[in-house]
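Visitor: turn this into a model:
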Amino acid sequence: MSWTDERVEVLKKMWGEGQSASVIAKELGGVTRNAVIGKVHRLGLSNRAGSTSKTAAPKDKPKSEAKPKAAPTMAAAPPPKAAAPVVEPQRSPAIRKIIPAGQPLPPQPSANEISPEALAKVSEVEKTAKRLSLMELTERTCKWPVGDPATDDFWFCGLGVQAGKPYCEAHVGVAFQPMSSRRDRRR
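Guide: All right, here's what the predicted structure looks like:
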């Protein structure tokens, strides 16, 4: 569909009459509501002629005739209930720092910081992995991705997960490092 001069004229006329973008799209046919809105903005028609703001004061009435608004009334509050003990949520000892956009990320752990035993265990586990697709994953299967997602040779581990974790035992050993080693790395 192309915007011919005739179609643009119909759009301008209907928009000026206050018709909605949906109605205009149906009338023109072959365009969506969003296409109509986009064309309206490109043509600079976003302010409809004849539309007035609902918050504008009417100019016909003098201000002395305007009725004052009644003060809002407060509904009777229900009697207070016995206070239940407030349980504070447990906070993680490591508070995550929000990094502003455009700033470099902090150093990430590299493969040489992960123990050789953990890496050996991962390579052994990946030989026996179930090689599941995304649609085959469940809450009981390891969700460790292997390979490049842009290729056909991409898969997920699929072995049984460790309790409370999204990965199997071998991948938990790589993904979740002890707190002490993370603290040492920051210094």
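
Visitor: C-alpha only now, for contacts and for neighbours.
Guide: OK.

Visitor: in the helix or strand where residue 12 lies, what counts as buried?
Guide: In the assignment (DSSP states H and E), residue 12 maps to helix 5-16. The neighbour-count check on helix 5-16 (16 or more other Cα atoms under 10 Å) flags 8, 11, 12, 14, 15, 16 as buried.

Visitor: from what I can see the second one touches residue 22, true?
Guide: No. Using Cα atoms under 8 Å, residue 11 and residue 22 do not qualify as a contacting pair, with a distance of 11.4 Å.

Visitor: how about the contacts made by residue 154?
Guide: For residue 154, the contacting residues are 133, 145, 146, 147, 148, by Cα atoms under 8 Å, 6 or more residues apart in numbering.

Visitor: who wins for most neighbours among the residues you listed?
Guide: In terms of neighbour count, residue 145 stands highest of the contacts of residue 154 at 17 neighbours, by other Cα atoms under 10 Å.

Visitor: give me the distance between that one and residue 34.
Guide: In this structure, residue 145 and residue 34 are separated by 38 Å, where distance is defined by Cα to Cα, to the nearest Å.

Visitor: same check, this time on residue 46
Guide: If you go by Cα to Cα, the gap between residue 46 and residue 34 works out to 13 Å.
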